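In: Sequence first, predicted model second:
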Amino acid sequence: MLGNFVTGCAVLAPAGMLSELSEGLNVSIRTAGLLITFGAVVLCIGSPLMAWLTSRIERKTLLAATLGVLAVTNTASAFAANYSSLLSIRLIMLAVGVLFTPQAAGTATLIVPAERRGSTIAYIFLGWSLAAAAGLPMITFIASRYGWHAVYGSIGAVACLSLLLLLWRLPGGLNAAPVDLKTWLDLSRNRMIVVLLTITTLQMSGQFAVFTFMGPLMKKLTGASADATGLVFMLYGVFGFIGVVIATRIVDRWGAYHTSVLFTSIVLAGVGGWALSAGVYPLMAASVALWGLGFASTNSMQQVRLVAAAPRLAPASVALNTSVLYVGQAIGSAVGGVLYGHDLLHEIGFVALAFTAIALVSIVMLTRPRRPALSPA
């Protein structure tokens, strides 16, 4: 979970300090936003590729090495002299860091009984919720007062701590099923897995059209200060944390499908509230809080449903879900960047709303569990 916190902070950091990166590196807001877009492209390609290349490596060794790279590259980012060097370091960092989230979920399936997999995977994803709840507000706070260099140095330090704790606590000798070409073919033939991956892409595309530029949007639409923007990020993350805690408690009883419908509906309501209230700070903040309640839980449920759809293929399907998650981030941040660059600030919210609505309809229409046929009397 702490490793996911580090990974989440590393991935999301630019979103919390776009203005500082823009000013410090002498680039536009849109160009600074490309740190997320290009990073997402690397992540979406790297997730299945790295899952294949590293599938035979013992899990503790793999996760520890990944955290080690995150520690080194975030520390190196603190000393980056210009935009090009920062982007280069970020792409290297994410090419390796992409391993952690899917492999952490896959490792969980090796150390808990089958009946606890749903709640355990949701628990592990609390790390991402914490990254938004505590990490992003702290990133905004530190960057506004001490600069973006200090942010990367702080993430590097927490990565070192996470590495030490993982080496101390995670048992060794954990090996997942090897990933080969047949694994990917099997995944492509599984209709449910393909549909779930498409839904993940839609969910992330909608959310990151707004999320990537949330800070600058708040400033332009409402005149919010850095602290006021940090408060919105905190609401997003705190409610995301609450949402995952709720999901963890109800998923084993409700089932992943019904839990997924609930939290995707909440995201839709929150994104819709943002779109309709753009320009009114209190309403936008309340909408972000509602949106946050569902954002992490929806992805957790996607992971749970993928594992349930094909347990034998879980390491590969979870890695591929992480890949399309970042495809969604790349699509959303690119679409949001184009709209932001043309000063279509209100329209960004409605584009996000459309993506999210299609995702919810797809869940209900295409992934509803079939009721078992009644046997004849």
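Out: Nice, thanks for sending it over.
In: where do the helices sit along the stretch 1-150 of the chain?
Out: Counting by DSSP state H, counting those that start in this stretch, residue ranges of the helices within the stretch 1-150 of the chain are 2-16, 18-25, 29-53, 59-77, 83-97, 100-111, 117-124, 126-130, 136-146, 148-169.
In: Identify each buried residue in the fourth one, please.
Out: Under the neighbour-count criterion of 16 or more other Cβ atoms under 10 Å, helix 59-77 has 59-60, 62-64, 66-77 buried. Quick note: C-beta positions are derived from backbone N, CA and C, even for glycine.
In: Then the second one?
Out: Under the neighbour-count criterion of 16+ other Cβ under 10 Å, helix 18-25 has 18-22, 24-25 buried.
In: got the contact list for it?
Out: Helix 18-25 is contacted by residues 14, 27-29, 31-33, 35, 82-83, 86, 143-144, 147-148, 213, 215-216, 219, 226 when judged by Cβ atoms under 8 Å, 6 or more residues apart in numbering.
In: Tell me how many other residues crowd residue 368.
Out: Around residue 368 there are 11 other residues, counting by other Cβ atoms under 10 Å.
In: again with residue 342
Out: The burial count for residue 342: 10, using other Cβ under 10 Å.
In: so what's it up against?
Out: Per Cβ under 8 Å, 6+ apart, neighbours of residue 342: none.
In: for the helix or strand bottoming out on mean pLDDT in the chain, packing partners?
Out: Across the helices and strands of the chain, mean confidence by mean pLDDT, DSSP states H and E is lowest for helix 117-124: a mean of 74. Counting contacts by 3 or more Cβ pairs under 8 Å, 6 or more residues apart in numbering; DSSP states H and E, helix 117-124 packs against helix 100-111, helix 226-254, helix 281-309.
In: between those, which one is nearest to residue 133?
Out: Closest to residue 133 of those, according to Cβ to Cβ: helix 226-254, at 2.9 Å.
In: For the helix or strand that comes right after that closest one, name the packing helices and strands.
Out: Next in sequence after helix 226-254, counting helices and strands by DSSP states H and E, comes helix 256-277. Judged by 3+ Cβ pairs under 8 Å, 6+ apart, helix 256-277 is in contact with helix 191-211, helix 226-254, helix 281-309, helix 345-366.
In: mind redoing it with 6 Å?
Out: Helices and strands touching helix 256-277, by 3 or more Cβ pairs under 6 Å, 6 or more residues apart in numbering; DSSP states H and E, are helix 226-254, helix 281-309, helix 345-366.
In: and the angle for that helix with helix 345-366?
Out: 160 degrees (axes from the mean of the first three to the mean of the last three Cα atoms, to 10 degrees).
In: who touches helix 256-277?
Out: With contact meaning Cβ atoms under 6 Å, 6 or more residues apart in numbering, helix 256-277 is reached by 247, 250-251, 283-284, 287, 290-291, 293-295, 297-298, 301, 304-305, 349-350, 352-353, 356, 360, 363, 369.
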